[in-house]
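Q: let's see this in three dimensions:
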Amino acid sequence: MPQTKKQKKIRRNPSRFKRLPKGRNGGIELLLIQSVEHLGEQGEVIEVKPGYAKNYLLPQGLAAIATDHHKRMVDKHKAKLAEIQKARLAGLRALASELKQQSVTIEANANEEGHLYGSVGAVEIVSALKAAGVSIATDQVRLEGPLKELGLYTVKIHVGQEIDSEVKVWVVPSVTESEES
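A: Residues are numbered from 1 along each chain as shown. Next comes the predicted model:
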């Protein structure tokens, strides 16, 4: 039975799609430009799945394709990379010591027994720290669970690269206009 309609043949331009070089295990070999937690240190050659490389590491500028040229450049500049890493660690330690001295107060609606109507999470802690002049990301706050009662809490902050700190968080009842009068 002959077909009456012709199907269009889709042609793709092969030069439009970049092929990433495959590693030994079928992944993509990349050279880390910055240290990535749970993956590797700066200057290491790693092998990751193609999607992780294309969608996260390469667009974020955390890694580059591991060519022989890049590997030689890293070997050549190992000492300079070590100095940069040492300076970065010093900055992280300074941030950790600054965080240890911080104490933030977060107002929340609570009943007479001290139970909060909502809860205080990482977002509220980060915004309170930002108001105090310290900027961190919400994924750096390590809470064991949301804070649901009034009181003083010690919250762990993961600054980066095995450097942790603590912040004192006071959860106090919010003052409403009816209580003031």
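Q: confidence-wise, which helix or strand of the protein is lowest on average?
A: helix 177-180 (a mean of 44; mean pLDDT, DSSP states H and E).
Q: which stretches of this structure aren't confidently modelled?
A: For the chain, residues meeting the criterion pLDDT under 70 lie at 1-19, 176-181.
Q: that one: helices as residue ranges?
A: Using DSSP state H, the helices of the chain run over 50-52, 68-76, 78-100, 122-131, 177-180.
Q: isn't residue 116 up against residue 147?
A: Yes: assessed by C-beta atoms under 8 Å, residue 116 is found in contact with residue 147 at 7.4 Å. Every C-beta, even on glycine, is put in place using the N, C-alpha and C of the backbone.
Q: of those two, who's got more company?
A: Ranked by neighbour count (other C-beta atoms under 10 Å), residue 116 and residue 147 place residue 147 first, with 20 against 17.
Q: give the contact list for the closest residue to the more buried one other than its chain neighbours.
A: Spatially, and ignoring its direct neighbours in sequence, residue 147 is nearest to residue 120 (4.1 Å; C-beta to C-beta, 6 or more residues apart in numbering). Taking C-beta atoms under 8 Å, 6 or more residues apart in numbering as the contact definition, residue 120 lies against 106, 108, 146, 147, 148, 169, 171.
Q: what residues are shared contacts of residue 116 and residue 147?
A: Common neighbours of residue 116 and residue 147 (C-beta under 8 Å, 6+ apart) are residue 171.
Q: could you dump the contacts of residue 120 to a markdown table with distance to residue 64?
A: Formatted as a markdown table, the contacts of residue 120 follow (distance: C-beta to C-beta, whole Å):
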| residue | distance to residue 64 |
| --- | --- |
| 106 | 41 |
| 108 | 46 |
| 146 | 40 |
| 147 | 41 |
| 148 | 45 |
| 169 | 40 |
| 171 | 45 |
